[in-house]
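In: Got a predicted structure here, sequence first:
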Amino acid sequence: MVISFRTRRVCLVLCVFLSALTLILQNLWIPEGSEEQLPGKPRASEALPQYGVRKLALRLETLSSQIQALKRDNIPDRLDSLAETLQILQKDHESSMHSVQKDLAMVWEKLDTLLKRSLAGGDTPHRTPLTGMPDSEVCKIPNDPAFPLCAGKVEFLRAHWRSDPCYAHYGVDGGACSILAYLSDREDFCPSLPGRNNSQGPDKTHPKEGKEEAVIRADLTPLLEIIGTGRGPAVRFMQSRIERLAGRWARAGERIREKLHHKPQAQLKVLLHPGVLAGGAGERFGELAERGGPLGELVQWSDVATALFILGHKVTFSTTLPELHRVIGAPPGKGSCPIQVPLPFDLLYTDYHGLAQLQACMGLSFNQYRCRFRVLDSFGTEPAFNQGEYSRLHGYRTAWGSWELQPRQYMTMFPHTPDNSFMGFVSEELGQGLEEDIQEHKEPNVAVVYGKQDYMWQGKESYLEAISQVMKLHGTVYQETGSPTRIPGYVLNHGLLSQDQLLELLKRAKLFIGLGFPYEGPAPLEAIALGCVFLQPRFDPAHTPQNSAFYRGKPTTRQVRSQHPYAEDFIGKPYVWTVDMSNSTEVQEAVRTILHSQVRPFTPYEFTREGMLERVFAYISHQDFCSLTPQPWPPENTLLARLGSLGESCTAVCLQAALVCEPAHFQLLNKPDTFSSLGLNCSSTSVEVNHLFPAYNERARRCSLQREGLLFSCAGSDNSHKRLCPCRRYQPGQVALCQGCL
């Protein structure tokens with residue numbers, strides 16, 4: 001009885017096996033379904049070769065499950081071999097079907113092409129409009145070692161040319177000729193087709209070649225017209241600032257003309273695109289400008305635009321994404337293609353927001369022209385955060401970094417990051433007569449609190465209370481109509497003032513009081529220029545990306561020890577007093593000393609109009625990030641090599657010697673003989689990728705050189721290396737320039 005039952009089960013399994021074979025043959029030779037599909041429709045072309053395979057795979061999977069169930073019922077070992085045979089059959093069949101699927105897809109594509117040609121005009125061989133010759137004779141994929149990526153790019157576009165409308169905009173239709181024409185004319189991945197002149201190829205010219213001479217201007221009216229009207233409150237603020245300071249800019253232009261002794265400079269076409277003002281985020285930023293929001297960036301943008309225009313360059317201004325697309329010649333689509341014409345600008349000034357916007361609309365052209373970008377960057381970008389792979393591997397990756405520009409292409413508001421270029425802005429300047437007039441109208445007991453929004457005042461009550469016992473406090477805090485006040489009652493709040501009104505208040509005041517935030521704004525320098533003393537809190541511990549919400553995620557490792565480090569380090573007493581805000585006794589002693597002191601209005605030269613024009617002129621004349629072998633600047637003879645101590649950055653090493661770290665000189669230090677010239681004995685020398693190198697490990701007597709040029713960094717230190725630091729002297733009042741560098 002048992003034998004008979006087992007025999008029947010074996011027969012059942014054999015029947016199942018024969019059924020599987022039948023299904024295989026049916027799927028190999030009989031098409032699935034009878035529904036007619038028009039050639040060229042994606043669904044039909046995808047369904048025909050794949051639908052039967054998926055159905056068969058499901059059936060085989062079911063059969064395999066049934067076999068496994070029979071095995072669990074203790075069918076004899078021969079069923080094991082039957083299951084194994086079925087699995088081998090399944091694998092062989094899947095391999096066969098993959099091959100069939102590939103062949104069917106190829107046949108389907110050819111049928112689709114033939115049908116299109118037939119509908120377009122009979123059986124005439126397709127001739128490319130580029131040459132008039134048959135496609136097969138002209139548009140073969142070249143095997144040219146000078147263009148090793150050509151074949152791969154052709155295959156990619158065959159499969160993906162519909163993914164972005166920009167390809168069709170440039171004439172790509174899926175055919176080999178249109179793809180090869182695009183890849184030779186626009187992307188430079190393939191050689192030009194026979195008889196076709198590649199006149200639209202990538203622009204490889206230097207941005208300063210063949211230019212007219214720039215002539216210093218005095219009239220800023222055309223600049224106001226370029227910036228235009230109707231752009232919102234942020235741009236209105238910029239226009240009002242330019243208009244208010246126009247006369248002083250013109251006089252500074254005349255002085256710089258005499259100082260430069262008519263040194264020629266090529267007239268450049270310059271695009272200014274403050275990305276922070278573009279899109280929905282830009283609208284919100286503009287609205288904040290009328291409610292006590294940050295104005296420092298707008299001050300800098302105004303002054304950069306004015307300096308470039310005064311120096312005689314052709315300025316274009318963009319604050320919207322459609323405007324940006326239009327002026328740079330971006331094709332319609334998603335940004336996969338390069339721009340339509342060679343970039344019409346020699347320099348592009350933007351910010352981090354604008355970099356992302358430019359990358360999205362320039363496509364491949366973004367990398368081609370990256371050497372022309374200048375990025376206004378208030379907090380600074382250190383090299384360790386700038387190099388993409390290095391930042392990812394070593395924990396320096398942030399949302400702001402990894403653009404892999406030359407670090408000096410980032411331009412800061414203050415000279416706090418010597419790896420970057422100090423662009424700055426201009427502060428108030430008073431003539432000799434005005435200085436005397438301000439001194440006469442000062443009210444000794446008036447103090448103005450630096451903080452336009454009431455959240456900045458919270459938690460500072462004891463600090464302000466201590467000052468209020470000595471002086472009368474005034475505020476300029478924005479308040480919504482009908483909203484309750486959140487500032488102390490002993491403060492006379494004037495509400496949000498216009499720039500002119502604020503300056504008039506500062507002319508009366510003796511003291512300008514910092515609350516710890518905002519960091520490093522222009523207002524303290526404005527106050528000092530109008531004869532005020534700036535009182536600010538000391539930070540202990542220093543504010544860093546690890547303990548400060550503002551600096552968290554920024555591409556810097558700076559340790560900020562006061563609200564305004566530049567004011568503390570480069571100006572100092574008697575103009576700047578830094579105190580422990582929690583120590584009321586220290587605060588009151590400082591205020592009483594200030595109250596009985598006399599200070600004259602003071603503006604650091606680098607924040608005057610003449611100083612900024614001088615700096616911008618030098619950058620445009622000498623900073624060259626596009627040439628393979630640029631002229632060294634600053635000159636090589638300005639290098640002063642220094643060996644740091646353990647745990648010291650090159651920024652600190654140079655500052656302690658009353659010098660500044662010069663990143664352009666790292667290349668001169670990055671040589672084995674530099675170690676011996678500094679009296680160091682190397683037991684071994686290595687070349688590595690590390691933002692602290694070149695450096696010396698004293699314990700191991702190991703000398704380490706830098707392999708990656710983008711990682712030369714004034715910032716950074718550790719406790720095992722003494723850094724080799726390139727320092728230089730600088731002009732009095734102009735830290736960005738060495739003596740003779742203009």
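Out: Okay, I see it.
In: and Leu355, what helix or strand is that in?
Out: Counting by DSSP states H and E, the element that carries Leu355 is helix 352-362.
In: hmm, I was thinking of Ala168
Out: helix 165-169.
In: what helices or strands is whichever helix or strand comes after that helix leaning on?
Out: Next helix or strand after helix 165-169 toward the C-terminus (DSSP H and E): helix 176-185. Based on contacts counted as 3 or more C-beta pairs under 8 Å, 6 or more residues apart in numbering; DSSP states H and E, the elements that helix 176-185 packs against are helix 135-138, helix 150-160. (Glycine included, C-beta is placed from N, CA and C.)
In: Okay, buried residues for the longest one please.
Out: Under the neighbour-count criterion of 16 or more other C-beta atoms under 10 Å, helix 150-160 has 150, 153-154, 157 buried.
In: Likewise for stretch 587-601?
Out: For stretch 587-601, using 16+ other C-beta under 10 Å, the buried residues are 587, 590-591, 594, 599, 601.
In: again, but for stretch 621-629
Out: Counting neighbours by 16+ other C-beta under 10 Å, stretch 621-629 gives 621-624, 626 as buried.
In: which is the next helix or strand following the helix or strand harbouring Val299?
Out: Per DSSP H and E, Val299 falls inside helix 296-310. Towards the C-terminus, the helix or strand next in line after helix 296-310, according to DSSP H and E, is strand 314-317.
In: Check which strands are paired with that next one and give the direction for each one.
Out: Each strand pairing with strand 314-317, determined using DSSP bridges, is listed with its direction: strand 269-273 (parallel).
In: Beyond the strand it pairs with, next helix or strand please.
Out: Downstream of strand 269-273, the next assigned helix or strand under DSSP H and E is helix 279-288.
In: Please state the offset of that following helix from the chain centre?
Out: Averaging C-alpha coordinates over helix 279-288 and over its chain gives two centres that are 19 Å apart (C-alpha atoms, centre = their mean, to the nearest Å).
In: tell me what it is packed against?
Out: Using 3+ C-beta pairs under 8 Å, 6+ apart as the contact definition, the elements that helix 279-288 packs against are helix 233-244.
In: buried residues in the helix it packs on?
Out: Applying a neighbour-count criterion of 16+ other C-beta under 10 Å, the buried positions in helix 233-244 are 233-239, 241-242.
In: Which residues in the helix or strand following that helix does the neighbour count mark as buried?
Out: Next along the chain after helix 233-244, taking DSSP H and E as the criterion, comes helix 246-260. By neighbour count, with 16+ other C-beta under 10 Å as the criterion, the buried positions of helix 246-260 are 246, 248-250, 252-253, 256-257, 260.
In: so Arg558 is in which element?
Out: Using DSSP H and E, no element contains Arg558; it sits outside every helix and strand.
In: which residues of the stretch 501-650 of the chain fall in strands?
Out: For the stretch 501-650 of the chain, the strands identified by DSSP state E, counting those that start in this stretch occupy 511-514, 533-543, 560-562, 576-579, 640-643, in order along the chain.
In: can you put those strands in JSON lines and add distance to Pro294 and mean neighbour count?
Out: Listed next are those as JSON lines, based on distance: least, C-beta to C-beta, whole Å; neighbours: other C-beta atoms under 10 Å:
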{"stretch": "strand 511-514", "distance to Pro294": "15", "mean neighbour count": "26"}
{"stretch": "strand 533-543", "distance to Pro294": "17", "mean neighbour count": "19"}
{"stretch": "strand 560-562", "distance to Pro294": "17", "mean neighbour count": "19"}
{"stretch": "strand 576-579", "distance to Pro294": "21", "mean neighbour count": "22"}
{"stretch": "strand 640-643", "distance to Pro294": "37", "mean neighbour count": "16"}
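In: Pretty sure Trp249 sits against Asp219.
Out: No: at 10.1 Å, Trp249 does not count as touching Asp219 under the criterion of C-beta atoms under 8 Å.
In: residues in contact with the nearest residue to Met238 once chain neighbours are set aside?
Out: Of all residues beyond its chain neighbours, the one nearest Met238 is Ser302 (4.3 Å), with distances taken as C-beta to C-beta, 6 or more residues apart in numbering. Counting by C-beta atoms under 8 Å, 6 or more residues apart in numbering, Ser302 makes contact with 237-238, 241-242, 425.
In: ok, so what distance separates the nearest residue to Ser378 once chain neighbours are set aside from Gly175?
Out: Computed as C-beta to C-beta, 6+ apart, the closest residue to Ser378 that is not its neighbour in sequence is Met413, at 4.6 Å. Relative to Gly175, Met413 is positioned 53 Å away (criterion: C-beta to C-beta, to the nearest Å).
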